[in-house]
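1. kindly return the folded structure for what I paste below:
(chains A and B)
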Amino acid sequence: MKFKLLAQSVLIGAGLLMVGLTPAQSQTREESQGMVLLRGLPTLDTNHSIAIVELDPESDQFGELLSEVEQPDIQHPLHHLYYSPNGRLYSTGLDPSCSLAEIGLSHDSGGTPVIEGFTCLDTQGQIVGEDIMWATSNGQEYMFVTFMGGTGGDDGGSVGVFDTQTNEVVKIIEARKSQVGEGEPYIMYPHGISAFDDRMVVTSTIHPDMTTGVGNVLTIIDLNTLEPIQNIVVENEKPLDFPSSPVEVLFARPDMHADIEPAILANTMFGFETWKIPYDAGSKTFGEAEVIYSGVANETAVPLEFYGTEDELFISHGLPGVVKRYELAALPELVSSGPDIVADPGAHHMIFFTSASGRDLIAVQNNLLNLGNAADDDPTDVDFIADLNAHTITIHDLETGERIAEVNFKESYNKGVDNVEGLFGSGFVHHH
Amino acid sequence: MLRVFLTAAVAVMVAATAWVFWDRARGSTATPIAGFSAPFVFGRFAVPPDNPLTEEAFALGRHLFYDPILSGNNQVSCATCHMQALAFTDGLAKSPALSGGELEFSSMSLINLLWGQERFFWDGRATSLEAQALMPIQHPDEMDQDLDALITELQASRDYRRMFRKAYGEVSAENVARALSTFMRMLISTDSKYDRFLRGEVRLTAQEEHGRKLFMAHPDTKVSLRGGNCIDCHSQFLTSGFRDALDGFSNNGLDSDDDLPDGLMAVTGNPAHKGFFKVPTLRNIAVTAPYMHDGRFETLEEVMDHYNDGIVVSDTLSPLILEADNAPEAGQNTVGLRMTPGEVQSIIAFLNTLTDEGFLTNTQFSNPFEGDG
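-> Numbers count the residues shown, from 1 in each chain, chains lettered A, B, ... in the order given. Have a look, this model is predicted:
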């Protein structure tokens, strides 16, 4: 029996449709999946791990760990995740044996993302990795990593410069306060990092043991020489009677938005403030540092991260657990673009994505340091931090801030959540 | 003693016969592709739930791909126009038509089809690989095969009956489509110099790196950024068109409105899609000449000349191409990137890093009817 060509094609097409040979629209959407670093809680007998979690409340798999690799042999967990411009995934780490790692990702034959494992990198003795950024020095791109413990000691701290291809250390930028001359620029407990043109800025936060010392300055590094050239003090109010502890920093710059006048923005963890330091790119000089947001006046504390979308800047405040939002084009001034996004205590890292139905969402990870709680008889409890660990990721409507859902990692997995990053292809525009 | 021997022999024959019937009756015994691992940077992909990637489907699809039994005259196989050494193209501007003359479009390369735009053919007329696979078989100027006749021929082959049974259970047109799709989905190129660069295994030369940066940049004279504008249509890692909606189709300025072919408009009926063609992958582009949907350019230099100052303006020309200009102050009467000759050569040097010799010679993708395949 023969059909004409057209009739055959129609029948075959109908047959293919009947047996479901259409593109697999039911397959998982990666846009809404998050990479998370989970911390085993000592009293709950769990291991640290890297995992992929579904964060779309519209998904049947919402809150499920789709892939997980545990770290049973490492005492302290991995800390912060960053993708390189070439799509390689790195994590800083708190354990001296793994202060920086590269994480392997792939897809299996069904298209499911899989964490293959991680490789700890040689940091030449630099410990307590914090933030990573990729920047250019004399035309060559490098991976810059802040190590809050540096190579050790009471005033340690370094910026590691790594070859982007081989992951080998090219240079350790170090300048101990105890060793440089009076008034000379130093680097101590660096955490936040950002750059514009040939100027890089790192913060001086706190000694990793959280008792030895606390910083209150920014350090400017000349990317031509890879040497520190200036300290800028960012300290005003002392609501905790500690030094200000600048933590995350953002070099606001025109390539983020054409209307932006270059300036450094810095959050002080213990000063509860956001600072602005104007930058004159012509003369390569910084203006006077000034407070542009006061946590004391606004009843917020522990400002942490800067994240940006195409038109807004978001700043997380650990207490009471909110994310404030500002007009990106108005930077370096902080002009509100909408009401606060009310998350949970410890509001910290965030990602942006769309739900299956196309709703724009923001997911906020709510843990400061993910230490345990005294109520659990947890030996890692630190008094002022214990109230900053909700162990949740809350999901909100990006436009209205409405809280839609939450994943409580302590309840579901007996773990805390230390960091969240969008799986490749989602996430953010600017992140520091 | 003889009785025992006969009893044993009968028992063996009964068991063997039972096994044969059981084996034939039990249907597919397909197993997932062993050791499959796809680069994460290529992004997500979707495989139809009822056509998972299996060893048996791949083996069947590979045989079908290279077998001229798929054509009406038993002389044309898929591989006739899709040769592995040429990244599954045929080196011709347009392939010869069975009825004489030539086909409408150039033969497309078959690389990394798991990712990117989910419409196939230059004009996007197939919305899945399974739908695509049967179209050339039936096309009177390509393979001119009657599907009923094909199934009859395949059922007459003990080898094919066995392969279909293992892969899918039965010989059918739908399963021909599934098997060919699986083979094409597995044509994955991940070991070019660019891939090894992305994995941190090698460095690019200064010229290749310059070309890579130009490839990835949309020119912006306000911030002195020079660019080749390639990434606006060819994604960063796959170098193919984008997946979402119809973003993987574009009018890249080849013809004026008077001469503009229908392209995607022939499928969608939307005049805004006139002259739109599928953005192809640039993987192994150095071996897939001639270029464009009609093979009008013989060399990569000619392609770059087109983008540099040969853009033909039409109503549906991509605005990303129209506005991409490294020297707008030059005031010339042409539209194009206006890059320097050195910049053009750098982009071509980068394009040459996309050649994956291992892919082009991988025996798993070669003709199973030749050699030890």
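
2. which residues does the closest residue to chain B within the stretch 151-300 of chain A contact?
-> Residue of the stretch 151-300 of chain A nearest chain B, by CB to the nearest CB: residue A:165 (4.6 Å). Placement of C-beta: from N, CA and C, glycine included. Neighbouring residues of residue A:165 by CB atoms under 8 Å, 6 or more residues apart in numbering or on different chains: B:197, B:200-203.

3. now residue A:422
-> For residue A:422, counting by CB under 8 Å, 6+ apart, the contacting residues are A:31, A:33-35, A:351-353, A:428.

4. among the residues you listed, which are in strands?
-> Mapping the contacts of residue A:422 onto strands (DSSP state E) picks out A:33-35, A:351-353.

5. between those residues, which is nearest residue A:285?
-> Among the ones in strands among the contacts of residue A:422, residue A:352 lies closest to residue A:285 (CB to CB), at 34.7 Å.

6. up against chain A, what does the stretch 201-350 of chain B have?
-> B:201-203, B:222-223, B:237 (CB under 8 Å from any CB of the partner chain).

7. any idea how far residue B:114 is from the closest residue to residue B:167 other than its chain neighbours?
-> Nearest non-adjacent residue to residue B:167, counting by CB to CB, 6 or more residues apart in numbering or on different chains: residue B:56, 3.9 Å away. Distance, residue B:56 to residue B:114, using CB to CB, to the nearest Å: 18 Å.

8. and stretch B:92-100, what's buried?
-> Buried residues in stretch B:92-100, counted by 16 or more other CB atoms under 10 Å in any protein chain shown: B:92-96, B:98.

9. per-residue pLDDT, the residue of the stretch 151-300 of chain A closest to chain B?
-> Listed pLDDT for residue A:165 reads 96.

10. ok, it to residue B:277 distance?
-> Distance, residue A:165 to residue B:277, by CB to CB: 36 Å.

11. same question, residue B:83
-> 22 Å.

12. repeat for residue A:73
-> Here residue A:73 is placed at a distance of 54 Å from residue B:277 (CB to CB).

13. for residue A:244, same thing?
-> Here the criterion is CB to CB. By it, residue A:244 lies 58 Å from residue B:277.

14. same deal with residue B:118?
-> 16 Å.

15. and the two? Which one has more around it.
-> Neighbour count, other CB atoms under 10 Å in any protein chain shown: between residue B:118 and residue B:277, residue B:277 has more, with 24 against 20.

16. which residue ranges make up the domains of chain B?
-> B:24-188, B:193-358 (automatic domain parsing).

17. and those domains as JSON lines, adding mean pLDDT?
-> Shown next, in JSON lines, are these (pLDDT from 0 to 100):
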{"stretch": "domain B:24-188", "mean pLDDT": "94"}
{"stretch": "domain B:193-358", "mean pLDDT": "94"}
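
18. which of these sits closest to residue A:128?
-> Comparing the domains of chain B by CB to CB, domain B:193-358 comes nearest, at 24.2 Å.

19. determine how far the closest one lies from the middle of the whole chain.
-> The chain centre lies 18 Å from the centre of domain B:193-358; the measure is CA atoms, centre = their mean, to the nearest Å.

20. report the separation between the two terminal residues of that domain.
-> Counting by CA to CA, to the nearest Å, you get 11 Å between the two ends of domain B:193-358.

21. how about the helices in chain A?
-> For chain A, the helices defined by DSSP state H cover A:5-18, A:295-298, A:383-386, A:409-413.

22. mean confidence score for the third one?
-> Along helix A:383-386, the predicted local confidence has a mean pLDDT of 51.

23. over to the last one?
-> Mean pLDDT, computed over helix A:409-413, is 94.

24. in it, what's buried?
-> For helix A:409-413, burial by neighbour count (16+ other CB under 10 Å) applies to A:409-410, A:413.

25. grab the nearest non-local neighbour of residue B:371.
-> residue B:363 (7.6 Å).

26. actually, residue A:95.
-> residue A:76 (3.8 Å).

27. and the helices in chain B, which stretches?
-> Going by DSSP H, chain B shows helices at B:2-25, B:55-66, B:78-81, B:129-138, B:147-155, B:158-167, B:173-185, B:193-198, B:206-215, B:265-268, B:300-309, B:319-322, B:341-352, B:357-361.

28. any weak-confidence spans in the stretch 1-150 of chain A?
-> Applying pLDDT under 70 to the stretch 1-150 of chain A flags the ranges A:1-29.

29. contacting residues for residue 278?
-> No chain was given, so I picked chain A. If you count contacts by CB under 8 Å, 6+ apart, then residue A:278 has A:261-263, A:286-288, A:332 around it.

30. actually, chain B is the one I wanted.
-> Neighbouring residues of residue B:278 by CB under 8 Å, 6+ apart: B:108, B:117, B:119-124, B:241, B:248-249, B:293.

31. and these as JSON lines, adding neighbour count?
-> Formatted as JSON lines, the contacts of residue B:278 follow (neighbours: other CB atoms under 10 Å in any protein chain shown):
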{"residue": "B:108", "neighbour count": "21"}
{"residue": "B:117", "neighbour count": "21"}
{"residue": "B:119", "neighbour count": "22"}
{"residue": "B:120", "neighbour count": "23"}
{"residue": "B:121", "neighbour count": "19"}
{"residue": "B:122", "neighbour count": "21"}
{"residue": "B:123", "neighbour count": "23"}
{"residue": "B:124", "neighbour count": "22"}
{"residue": "B:241", "neighbour count": "22"}
{"residue": "B:248", "neighbour count": "24"}
{"residue": "B:249", "neighbour count": "25"}
{"residue": "B:293", "neighbour count": "20"}
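
32. now the residues you listed as a markdown table including distance to residue A:336?
-> Output for the contacts of residue B:278, formatted as a markdown table (distance: CB to CB, whole Å):
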| residue | distance to residue A:336 |
| --- | --- |
| B:108 | 52 |
| B:117 | 41 |
| B:119 | 44 |
| B:120 | 48 |
| B:121 | 51 |
| B:122 | 50 |
| B:123 | 49 |
| B:124 | 45 |
| B:241 | 40 |
| B:248 | 39 |
| B:249 | 41 |
| B:293 | 51 |
